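>>> Below is the structure, and that's it, no one-letter string:
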Ligand SMILES: O=c1cc[nH]c(=O)[nH]1
């Protein structure tokens, strides 16, 4: 079914359509999809987050096992949404019209707008912070440069995706391989400090990263020629990069952590580490670009005729000003809270979409409401928070305390060691199956 009631079939720029009323060109192949998603996975955010994945006192192979398992689960979820986007040729938020109805899709869209602006700001800050540390210069000029470049890239997203897949990927690969070779040349003692309390809480952190891209994935894979290429490109590209980047962080901590270094210090400590980190800082720009572009495309789920270039310029300006003025680090737990909202939604979408006959997924302006499917999403989120309440210090600490009290009411041990993502997913997926399967079985028995 079509997205809008008067879809035009050509794009006016030779790139992504300017409005939701134009049909997207399917010009990306497997190589483009793989390259784009591998680039998005090569992010400094992952090695920096590796400290939360380290299982203290356990062999490095156990921590790496948790990374591989978490990356595989997250990547499959990402790939399923990627495939649905390629088949339906619509952005993720529009895809959700088929799940929840046109009006209710505004709810995840609003959450996604907040998370995309937050992530765009966060990425600009990471780029500026790392560049100013490596070059020993003030931060603000790098904020401006990163904000302007990310916004400019968001104006021609398909052209940028091709450049990333054909060229930037090699620079990223060279930097990552070089850092691995240098770090692995050091002795790797057992890590005695780390924040993970069990194999599954370690895997949980890893799952969060690929799934945080779930609300954005179809914005790009709607241009991929087939569902299979979109699945393989997004899942393999982002999954492999996730394994590599988390593992790099863990081995860097093992090699240099005893000297009191954080991951960035550790990577800078290797010979020519500053050059390799600068390459990684440059390729971090694609994350900022993707967040700016996806904010614009997600907004089109509400304002279908708005020009995405105008929206992107506004979003880029807001993210740059926020990066200059706002302590985004304090906002990070909110980004993870929103991430927790999207984990069960990814499961609900995967079950409902792949149980629906081809051609019957309605993403039109008149997509009917399916309020029952809000229940598995909500239940999955509640199960997630009851397993592991999102942690806030300072403002927002009341959220963590409230959920800790509900855990106590229900006799759930706070240190239960379970993966909140997997519990939330299991609840969401089983309830979705319960909601939709009876209808499907009836329809099979009574042919139209
Ligand atoms: O920049 C980022 C990082 C993680 N997830 C996102 O959606 N964006």
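Done, it's in. Just so we're clear, the structure is a prediction, and the values are computed from it rather than from any experiment.

>>> so what's the residue of the stretch 151-300 of the chain found nearest the ligand scoring on pLDDT?
Closest to the ligand within the stretch 151-300 of the chain is residue 212: 3.5 Å, counting by C-beta to the nearest ligand atom. Using the backbone N, CA and C atoms, a C-beta is placed for each residue, glycine as well. Predicted confidence (pLDDT) for residue 212: 94.

>>> Hmm, residue 339 and it touching each other?
Yes - between residue 212 and residue 339 a contact is recorded at 4.8 Å, counting by C-beta atoms under 8 Å.

>>> Now do the shared contacts for these two.
Common neighbours of residue 212 and residue 339, using C-beta atoms under 8 Å, 6 or more residues apart in numbering, are residue 115.

>>> Of all residues in the chain, which one is nearest the centre?
residue 213 (2.1 Å; C-alpha atoms, centre = their mean).

>>> Contacts only, for that one.
Applying C-beta under 8 Å, 6+ apart, the residues contacting residue 213 are 40, 78, 238.

>>> Inside helices: which ones of those residues?
When DSSP state H is applied, the contacts of residue 213 are split such that 40, 78, 238 fall in helices.

>>> could you pick out which of these are near the ligand?
The subset of those within reach of the ligand, by C-beta under 6 Å from any ligand atom, is empty.

>>> Return the residues of the stretch 1-150 of the chain in contact with the ligand.
Contacts of the stretch 1-150 of the chain with the ligand, taken as C-beta under 6 Å from any ligand atom, map to 45, 119, 123.

>>> Return the member of those nearest to the ligand.
The ligand lies nearest to residue 119 out of these, by C-beta to the nearest ligand atom, at 3.6 Å.

>>> Check what pLDDT the closest one gets.
On pLDDT, residue 119 comes in at 93.

>>> Can you name the residues of the stretch 201-350 of the chain sitting close to the ligand?
The stretch 201-350 of the chain comes close to the ligand at residues 212, 213, 216, 287, 291, as judged by C-beta under 6 Å from any ligand atom.

>>> Double-check that residue 56 belongs to a helix.
No - looking at residue 56 with DSSP: H, G, I helix; E, B strand; the rest coil, it is coil, so not inside a helix.

>>> For the closest residue to residue 387 other than its chain neighbours, grab the count of nearby residues.
Residue nearest to residue 387 in three dimensions, not counting chain neighbours: residue 420, with 4.0 Å by C-beta to C-beta, 6 or more residues apart in numbering. If you count neighbours by other C-beta atoms under 10 Å, residue 420 ends up with 23.

>>> again with residue 47
26.

>>> element containing it, please.
Taking DSSP states H and E as the definition, one finds residue 47 inside helix 45-49.

>>> that older thread, tell me which residues touch the residue of the stretch 151-300 of the chain closest to the ligand, please.
Listed by C-beta under 8 Å, 6+ apart, the contact set of residue 212 reads 115, 119, 335, 339, 342.

>>> which among these end up buried?
Those of those that meet the buried threshold are 115, 119, 335, 339, 342, by 16 or more other C-beta atoms under 10 Å.

>>> Could you give the average pLDDT over the strand or helix carrying the third one?
To tie it back to what came earlier, the one meant is residue 335. Element membership of residue 335 [criterion: DSSP H and E] is helix 332-354. Average pLDDT, helix 332-354: 90.

>>> So for that helix, what gets flagged as buried?
Neighbour-count burial for helix 332-354 flags 333-335, 337-353 (criterion: 16+ other C-beta under 10 Å).

>>> Could you give the number of residues near residue 414?
Look at residue 414: counted by other C-beta under 10 Å, it has 12 neighbours.

>>> can you check residue 43 too?
Neighbourhood size, residue 43 [other C-beta under 10 Å]: 22.

>>> these two touch, right, it and residue 284?
Yes - between residue 43 and residue 284 there is a contact under C-beta under 8 Å: 6.0 Å.

>>> And for the nearest residue to residue 19 once chain neighbours are set aside, the neighbour number?
Take residue 19 and drop its neighbours on the chain: the residue closest to it by C-beta to C-beta, 6+ apart is residue 305, 5.1 Å away. Residue 305 has 10 neighbours, counted by other C-beta under 10 Å.

>>> Same question for the one 10 residues further on.
Counted with other C-beta under 10 Å, the neighbours of residue 315 add up to 26.

>>> now residue 222
Other residues near residue 222 come to 29 when the count uses other C-beta under 10 Å.

>>> Over to residue 105?
23.

>>> So for it, what pLDDT did the model give?
Residue 105 is assigned a predicted lDDT (pLDDT) of 98.

>>> what about the residue lying closest to residue 39 once chain neighbours are set aside, distance to residue 37?
Nearest residue to residue 39, sequence neighbours excluded (C-beta to C-beta, 6+ apart): residue 164, at 4.5 Å. For residue 164, the distance to residue 37 (C-beta to C-beta, to the nearest Å) stands at 10 Å.

>>> Please tell me I have it right and residue 362 contacts residue 98.
Yes - if you go by C-beta under 8 Å, residue 362 and residue 98 touch, sitting 5.3 Å apart.

>>> who's more crowded, these two?
residue 98 (25 against 20).

>>> looking at it, that one is touching residue 361, isn't it?
Yes - contact criterion C-beta under 8 Å: residue 98 and residue 361 qualify, at 4.1 Å.

>>> and for the two, which residues touch both?
Residues touching both residue 98 and residue 361 (C-beta under 8 Å, 6+ apart): 88, 353.

>>> So, low pLDDT: which residues of this structure?
Applying pLDDT under 70 to the chain picks out residues 1-13, 328, 330-331, 444-448.

>>> hang on, the earlier thing: closest to the ligand out of the buried ones among the contacts of residue 212?
Closest to the ligand, out of all of the buried ones among the contacts of residue 212 and judged by C-beta to the nearest ligand atom, is residue 119, at 3.6 Å.

>>> Past the strand or helix carrying that closest one, which element shows up next along the chain?
Using DSSP H and E, residue 119 maps to helix 106-135. Using DSSP H and E, the helix or strand that follows helix 106-135 towards the C-terminus is helix 140-155.

>>> sec struct for residue 356, please.
coil.

>>> what do you get for residue 85?
Using three-state DSSP as the criterion, the local structure at residue 85 reads helix.

>>> these two touch, right, it and residue 214?
No - using C-beta under 8 Å, residue 85 is not in contact with residue 214, being 10.3 Å away.

>>> returning to that earlier point: neighbour count winner among residue 164 and residue 37?
Set residue 164 next to residue 37 and count neighbours by other C-beta under 10 Å: residue 37 wins out with 34 against 25.
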